[in-house]
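Participant: quick one: sequence and predicted model below, then my questions.
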Amino acid sequence: MSDYCKRLDPACRERYLAIVGKYVGKDPYLMKMSEFSQDRQHLPKIEAVDITSYLVLQTSYYTREEMKAHKSLNSYNFYNNGWISKMGVKRLNNNNVLLFARVNHSQRSHETPLKTWVIASKDGDVQAGHCDCMAGLSESCSHVGAVLFAVEDMVKREDELACTSRPCEWLMPSHVKKIPPAPVACIDFRSSQAKRQNWDSFSKAAAAHAKRTRRSPVEPGSEKYMSYFQELTENFPKSAALMARDPFHKAFIPKSTKLPKSVLEYRTPLTLQLQPKELEQLYQALELDELTTAQVGAIERATRGQSSSKTWFRQRAGRITASNLRRVLHTNAEKPAKALIKAICYPEAHRFSTAATSYGNKHEGQARRAYERMMTQEHEGFSCMDSGLWVNPKWPYMGASPDGMVACNCHGNGICEIKCPYSQQDEANLELTAGQKGFCLTTDGGKVMLDREHEYFYQVQAQLHISQADYCDFIVWTPHDMFVERVIPDNAFWDTVLPEVEHFFRAGVLLEVLGQKLTKSPS
């Protein structure tokens, strides 16, 4: 059973396993792309009527009227605009075939592609479909539809292309991550629809060759050349051709997103003069500025140096961070520990170093490399990159800085948190230390896991919910052993602690942020 299947609620999981058991026998999300063929001959003979039958009659995802105008549907446009990055086909034992595809996010192309599978008979009758997107449980989301349109189009062109022994060639590139620069004259600025129409014309014309008029090229930089681009700027200022020509390209350079002010910057000379009753009214009513998605991304990128970044400390100031969550929940909000308030409001001024923290900082890189080696062997397309400070528009008063952002083709996006315990540095088998007093690992039914009562569990759950990651790999490392547990979001836990955290922020943190009541020297 895949991790995706395990996360489904009981009813959905039962439905999912019933489909998999009936047609495949093995969860497709446990399969690798190497198990799938790229040969067109194995594609099911899906036709337009089969797509209509599945999306309209079988699942009711679209109406007949919508299917009549199918070229306006998201499903068709996902395929037509090039969001299918990879596809394979696997023959099953029951006259059916399994199609497995990776479909890029249309608005977030940098994220790990979605995983979509479809089961169809060899003659094109669609049996079932599934996707790990938010609408995937409908069994007929736009990504499933995109796969169906892609196969229908490829089958339709099979005779025209006359190359069925070659691997599947989609009309779009696979998950393009970098677009190399090129002269304007070498760039094709046509839309995907125009390119498709051109391909259709080419296929039907077969051997027809259009004669071209030969013209003398215009010398780059010449008066005529510059005059053309100037006219283009005046009439079509958003023309893509201008993006590669100096000085016209400057109009396309995006303005950098301004970082939002830190929580501590809500303090003003006026708030410092407020009387206790006025201050209480202010912190009860104050709402932090709403954060945009662009600002969230800008904060994370600007703080990837973490403790070596001034911006990291500035944006953390006044925010309850994941590492402080358990202390916050075990402190009286009306009479908070002064040391905790100082750590939250003035993190740079109250840094501390012990033998344990020095040991952890020294060995974190070594632990991370060991983790990456292990994951690379087990997960296709695995990557791990530095992470900055994550904030969430829902809870702008909180922050989290995981040790890394991880991703793989098989499990999507996650984070990791690395611990190098000083007191266990000589341990050759970490599982034997589980349950020791104060240690982060415990056992439950013979299974070693992160202790739910330990501060690290609170930290990991805060990181998961604030960053919206699918999972967190919690890593405990010694020079002789390494323990890794994949932790998923505990929504019940989070729903329970959130009200307490917000109360502490208003009654404890904002009191210091606005009025400096806990640390201000008596006059």
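Facilitator: Okay, I see it. Numbering: from 1, shown residues only.
Participant: contacts for the longest helix anywhere in the chain, please.
Facilitator: Looking across the chain with DSSP state H, the single longest helix is helix 355-378. Applying C-beta atoms under 8 Å, 6 or more residues apart in numbering, the contact partners of helix 355-378 are 382, 384, 403-404, 406, 408, 416, 418-423, 425, 473, 475, 477, 479, 482, 484. Just so you know, the C-beta spots here come from the backbone N, C-alpha and C atoms, and that holds for glycine as well.
Participant: how does it look with 10 Å?
Facilitator: Contact with helix 355-378 is made by 307, 351, 353-354, 382-384, 386, 403-404, 406, 408, 410-411, 416, 418-423, 425, 473, 475-479, 481-482, 484, as judged by C-beta atoms under 10 Å, 6 or more residues apart in numbering.
Participant: generate a PyMOL selection restricted to the buried subset of those.
Facilitator: The PyMOL command for the buried members of the contacts of helix 355-378 (criterion: 16 or more other C-beta atoms under 10 Å) is given here:
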select buried, resi 382+384+403+404+406+408+410+411+416+418+419+420+421+473+475+476+477+478+481+482
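Participant: helices - which of the contacts of helix 355-378 land there?
Facilitator: Among the contacts of helix 355-378, no member falls in helices (DSSP H).
Participant: can you pull out the strands in the stretch 101-250 of the chain?
Facilitator: Using DSSP state E, counting those that start in this stretch, the strands of the stretch 101-250 of the chain run over 114-121, 126-131.
Participant: so which of the contacts of helix 355-378 belong to strands?
Facilitator: With DSSP state E as the criterion, strands contain 383-384, 404, 406, 408, 416, 418-419, 473, 475-478, 481-482, 484 from among those.
Participant: what's the closest of those residues to residue 435?
Facilitator: residue 476 (13.7 Å; C-beta to C-beta).
Participant: for the closest one, report the pLDDT, please.
Facilitator: For residue 476, the pLDDT comes out at 97.
Participant: bridging residues for it?
Facilitator: Taking DSSP bridges as the rule, residue 476 bridges to residue 419, residue 483.
Participant: show me the contacts for it.
Facilitator: Taking C-beta under 10 Å, 6+ apart, we find residue 476 in contact with 367, 417-421, 424, 427, 430-431, 433-434, 439-441, 448, 450, 456, 482-485.
Participant: next up, the contacts around residue 134.
Facilitator: Each residue near residue 134 by C-beta under 10 Å, 6+ apart is listed here: 114, 141.
Participant: same question but for residue 2, I mixed them up
Facilitator: Contacts for residue 2 were tallied using C-beta under 10 Å, 6+ apart; they are 8, 16, 20, 26-31, 115, 132, 410-411.
Participant: report how many residues lie close to the closest residue to it other than its chain neighbours.
Facilitator: Excluding the flanking residues, the one nearest residue 2 by C-beta to C-beta, 6 or more residues apart in numbering is residue 29, at 3.7 Å. Around residue 29 there are 19 other residues, counting by other C-beta atoms under 10 Å.
Participant: and the ones in strands among the contacts of helix 355-378, which is closest to residue 52?
Facilitator: Nearest to residue 52 among the ones in strands among the contacts of helix 355-378: residue 408, at 35.7 Å, using C-beta to C-beta.
Participant: same list, the strands of the stretch 101-250 of the chain, but as JSON lines with mean neighbour count please.
Facilitator: JSON lines is the format used below for these (neighbours: other C-beta atoms under 10 Å):
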{"stretch": "strand 114-121", "mean neighbour count": "24"}
{"stretch": "strand 126-131", "mean neighbour count": "24"}
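Participant: nearest to residue 463 among those would be which one?
Facilitator: Among the strands of the stretch 101-250 of the chain, the nearest to residue 463 by C-beta to C-beta is strand 114-121 (23.2 Å).
Participant: so which elements touch the closest one?
Facilitator: Here strand 114-121 touches helix 10-23, strand 84-91, strand 96-103, strand 126-131, helix 142-161, going by 3 or more C-beta pairs under 10 Å, 6 or more residues apart in numbering; DSSP states H and E.
Participant: describe which strands it pairs with in its sheet and in which direction.
Facilitator: Next to strand 114-121 in the sheet, as set by DSSP bridges, lie strand 96-103 (antiparallel), strand 126-131 (antiparallel).
Participant: now those strands in CSV, with mean pLDDT?
Facilitator: Shown next, in CSV, are these (pLDDT from 0 to 100):
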stretch, mean pLDDT
strand 96-103, 91
strand 126-131, 90
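Participant: nearest to residue 1, out of the ones you listed?
Facilitator: Relative to residue 1, the nearest member of the strands paired with strand 114-121 by C-beta to C-beta is strand 126-131, separated by 14.1 Å.
Participant: hmm, back to that, nearest to residue 242, of the helices and strands packed on strand 114-121?
Facilitator: Closest to residue 242 of the helices and strands packed on strand 114-121 is strand 84-91 (C-beta to C-beta; 28.9 Å).
Participant: okay, angle between that closest one and strand 96-103 too, please.
Facilitator: Angle, strand 84-91 to strand 96-103, by axes from the mean of the first three to the mean of the last three C-alpha atoms, to 10 degrees: 170 degrees.
Participant: okay, the angle between strand 84-91 and helix 142-161?
Facilitator: Going by the same axes, to 10 degrees, strand 84-91 makes 80 degrees with helix 142-161.
Participant: show me where pLDDT drops low in this protein?
Facilitator: 59-72, 106-110, 158-216, 218, 220-221, 243-246, 249-257, 521-523 (pLDDT under 70).
Participant: domain parsing of it, as residue ranges.
Facilitator: Per the record, the chain has its domains at 3-161, 275-523, by automatic domain parsing.
Participant: mind putting those in JSON lines, distance to residue 226 included?
Facilitator: Below are the domains of the chain laid out as JSON lines (distance: least, C-beta to C-beta, whole Å):
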{"stretch": "domain 3-161", "distance to residue 226": "33"}
{"stretch": "domain 275-523", "distance to residue 226": "35"}
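Participant: between those domains, which gets nearest to residue 235?
Facilitator: Nearest to residue 235 among those is domain 3-161 (26.4 Å), distances taken as C-beta to C-beta.
Participant: quick one: distance of the closest one to the chain centre.
Facilitator: Centroid separation for domain 3-161 versus its chain: 21 Å, with C-alpha atoms, centre = their mean, to the nearest Å.
Participant: cool, stretch 386-396 as well?
Facilitator: That offset, for stretch 386-396, works out to 13 Å (C-alpha atoms, centre = their mean).
Participant: distance between the ends of that stretch?
Facilitator: 22 Å (C-alpha to C-alpha, to the nearest Å).
Participant: now swap in stretch 135-142 and tell me
Facilitator: One end of stretch 135-142 sits 9 Å from the other (C-alpha to C-alpha).
Participant: before we move on, the earlier item: quick one: buried residues of the longest helix of the chain?
Facilitator: Going by neighbour count (16+ other C-beta under 10 Å), the buried part of helix 355-378 is 360, 363-364, 367-368, 370-372, 375.
Participant: okay, the residues you listed in JSON lines with distance to residue 77 next?
Facilitator: Below are the buried residues of helix 355-378 laid out as JSON lines (distance: C-beta to C-beta, whole Å):
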{"residue": "360", "distance to residue 77": "49"}
{"residue": "363", "distance to residue 77": "49"}
{"residue": "364", "distance to residue 77": "44"}
{"residue": "367", "distance to residue 77": "45"}
{"residue": "368", "distance to residue 77": "40"}
{"residue": "370", "distance to residue 77": "44"}
{"residue": "371", "distance to residue 77": "39"}
{"residue": "372", "distance to residue 77": "37"}
{"residue": "375", "distance to residue 77": "35"}
